[in-house]
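Asker: Sequence and predicted structure are below.
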Amino acid sequence: MKPWLPPYRAELVRYGEELGDFLRAGGNDFLLSERFAQAFRAEGLTGLEGFHPVEVVRVRRARRLPKHSHFPRYVVVRPCFGRAAVDLTRSNIHYAKPPTCEECRSEGLDAVFGFTLEPGTWRGEDVFYPRGMQGVVTVSERFERFVARHGFTNMRLTPSEEYVWNPLRREPLSTVKPGSA
């Protein structure tokens, strides 16, 4: 994926009464409201890179919603690729074949029914992509408390043990009978 380069300009679509504090921008980029970004930095959280101002050139309404003239300012950020690694033995993950790359740990990934991190690999980042789940933004419990305390909007935090990605509609490993799958 090519990185988003300056100038940072965006057209947004509003689905509800207000725009959220956290928006997916495409690729590995996210938009944070200025309020979110200031609080993130003030509390010393880690794992987001960038914080470049974004010019919002247009806001469309997805349905018949009242017009608004004031919207928050945004910055663009990108979560870091952390050293934390998915624990292949303690996670409930389907692979077409066992991964051979110790670094990426995602070769042949078919489905995920919860994952956990390998002890000793997480370095304390609050927002990151772990090895083995490169497309899944993972956050610390400290980040979860931060979001709740400030009431930030437009994000759903799912415990990693409950995370499900199952495009092929496989059964979880714990319910697969020997000889099937």
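Answerer: Right, received. Where do you want to start?
Asker: Give me the sheet partners of the longest strand seen in the chain and which way each runs.
Answerer: For the chain, the strand with the greatest residue count under DSSP state E is strand 48-61. Sheet pairing of strand 48-61 (DSSP bridges) gives strand 9-14 (parallel), strand 74-85 (antiparallel).
Asker: average pLDDT across it?
Answerer: Averaging pLDDT along strand 48-61 yields 92.
Asker: ok, now stretch 110-125?
Answerer: The pLDDT scores in stretch 110-125 average 96.
Asker: now it: how far from the chain's centre is it?
Answerer: Computed by C-alpha atoms, centre = their mean, to the nearest Å, the chain-centroid distance of stretch 110-125 equals 14 Å.
Asker: gap between the two ends of it?
Answerer: 27 Å (C-alpha to C-alpha, to the nearest Å).
Asker: Same question for stretch 114-126.
Answerer: End-to-end span of stretch 114-126 (C-alpha to C-alpha): 19 Å.
Asker: Tell me which residues are up against that stretch.
Answerer: Applying C-beta atoms under 8 Å, 6 or more residues apart in numbering, the contact partners of stretch 114-126 are 45-47, 80, 82-88, 90-93, 130-133, 138-140, 142-143, 146, 160-164. For the C-beta atoms, the positions are set from N, CA and C on the backbone; glycine is no exception.
Asker: Among those, which lie within strands?
Answerer: When DSSP E is applied, the contacts of stretch 114-126 are split such that 80, 82-85, 93, 130-131, 138-139, 164 fall in strands.
Asker: from those residues, which would you call buried?
Answerer: With burial judged by 16 or more other C-beta atoms under 10 Å, the buried subset of the ones in strands among the contacts of stretch 114-126 is 80, 82, 84-85, 93, 130-131, 138-139.
Asker: And these, which is closest to Y15?
Answerer: V139 (23.0 Å; C-beta to C-beta).
Asker: which residues does that closest one bridge with?
Answerer: Beta bridges link V139 to V127, judged by DSSP bridges.
Asker: Keeping just the C-alphas, turn the longest strand of the chain into PDB.
Answerer: Output of strand 48-61 as PDB, limited to C-alpha atoms (Å, rounded to 0.1, in the frame of the first residue of the first chain):
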ATOM      1  CA  LEU A  48       0.600   6.300  16.600                       C
ATOM      2  CA  GLU A  49       2.800   8.100  14.200                       C
ATOM      3  CA  GLY A  50       2.200  11.200  12.000                       C
ATOM      4  CA  PHE A  51      -0.300  13.700  13.600                       C
ATOM      5  CA  HIS A  52      -0.300  15.700  10.400                       C
ATOM      6  CA  PRO A  53      -3.200  18.200   9.900                       C
ATOM      7  CA  VAL A  54      -5.800  17.300   7.400                       C
ATOM      8  CA  GLU A  55      -7.800  19.800   5.300                       C
ATOM      9  CA  VAL A  56     -11.400  18.600   5.100                       C
ATOM     10  CA  VAL A  57     -12.600  19.900   1.700                       C
ATOM     11  CA  ARG A  58     -16.100  18.500   1.800                       C
ATOM     12  CA  VAL A  59     -18.500  16.700   4.100                       C
ATOM     13  CA  ARG A  60     -21.400  14.800   2.500                       C
ATOM     14  CA  ARG A  61     -24.400  13.500   4.300                       C
END
